[in-house]
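S.K.: Predicted model and sequence below, questions to follow.
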Amino acid sequence: MSGTAKKAPRQPVTLLDFVDEFLVVCPRCALCAVVRPSSGEHPPRLTCTGCGLVREWESRRKGILTSADPSRWPVGQYAVGGAADAYFHEPLWLATPCLGETLWATNARHLAFLRQYVEATDRRAPERADTEPRNSTLASRLPRWLKLAKNRAAVLAAIATLEAKLGAGGRSPPRYENPRSDGGPSLSSGGARPRS
Ligand SMILES: [Zn+2]
């Protein structure tokens, strides 16, 4: 290590960058299940490879509710901001007590983002587009207890606990990637065109 200060992620990141996948506690077998948004073919659904449970979600209220207390999220309301998935409101797999609060992450990428952020000693605001309100960035909305330098060791220990849970859930190790830059796998069309 060179001793230079680690930098916090610079691109604007919001919680909505991490809602393409929620790891949750399966309501049937208590192993790690996955909740994903609608794919075009089917509505948002919860699937568990442990017990085979599949549940589909039905919207009953419009809009996005932002609230830190999932116990108050109405059924059928898309909601974010607490330790549960946005659709079924099942408890997140990646949640652990920390300093009297709950540290949570929706998925491996979110957890990797939190580690990068909390490890960073340089937390200048990320560059942003003029059209993007500053408060929409995830870093600006992270709770104060998570940002305080004096809490860093405790928060990193909680992050390590969650990383271990991630391994126990049979998931691949966390990587932080911006989903917007992911072009997805390219499908081969089959028969290669002969070169002339
Ligand atoms: Zn299950």
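M.R.: Sure, I can see it.

S.K.: Every contact and neighbour count from this point should use C-alpha atoms.
M.R.: Will do.

S.K.: mean confidence for stretch 97-113?
M.R.: For stretch 97-113, the mean pLDDT works out to 96.

S.K.: list the buried ones in that stretch?
M.R.: Going by neighbour count (16 or more other CA atoms under 10 Å), the buried part of stretch 97-113 is 98, 103-113.

S.K.: Which ones among those lie within strands?
M.R.: Applying DSSP state E to these, the entries found in strands are 98, 103-105.

S.K.: what sits up against the longest helix anywhere in the chain?
M.R.: Scanning the chain for the helix with the most residues, using DSSP state H, yields helix 152-168. By CA atoms under 8 Å, 6 or more residues apart in numbering, the residues outside helix 152-168 that reach it are 93-99, 103, 108, 111, 114-115, 118-119, 146, 172-174.

S.K.: Please repeat the previous calculation with a cut-off of 10 Å.
M.R.: Under the criterion CA atoms under 10 Å, 6 or more residues apart in numbering, residues 23, 31-32, 93-99, 102-105, 107-108, 111-112, 114-115, 118-120, 145-149, 169, 171-174 lie in contact with helix 152-168.

S.K.: And that helix, what's buried?
M.R.: By 16+ other CA under 10 Å, the buried positions in helix 152-168 come out as 152, 155-156, 158-159, 162-163, 165-166.

S.K.: From those residues, which one has the minimum pLDDT?
M.R.: Model confidence across those bottoms out at Leu166, which has 92.

S.K.: any idea how far Val118 is from it?
M.R.: Look at Leu166 and Val118: by CA to CA, to the nearest Å, they are 18 Å apart.
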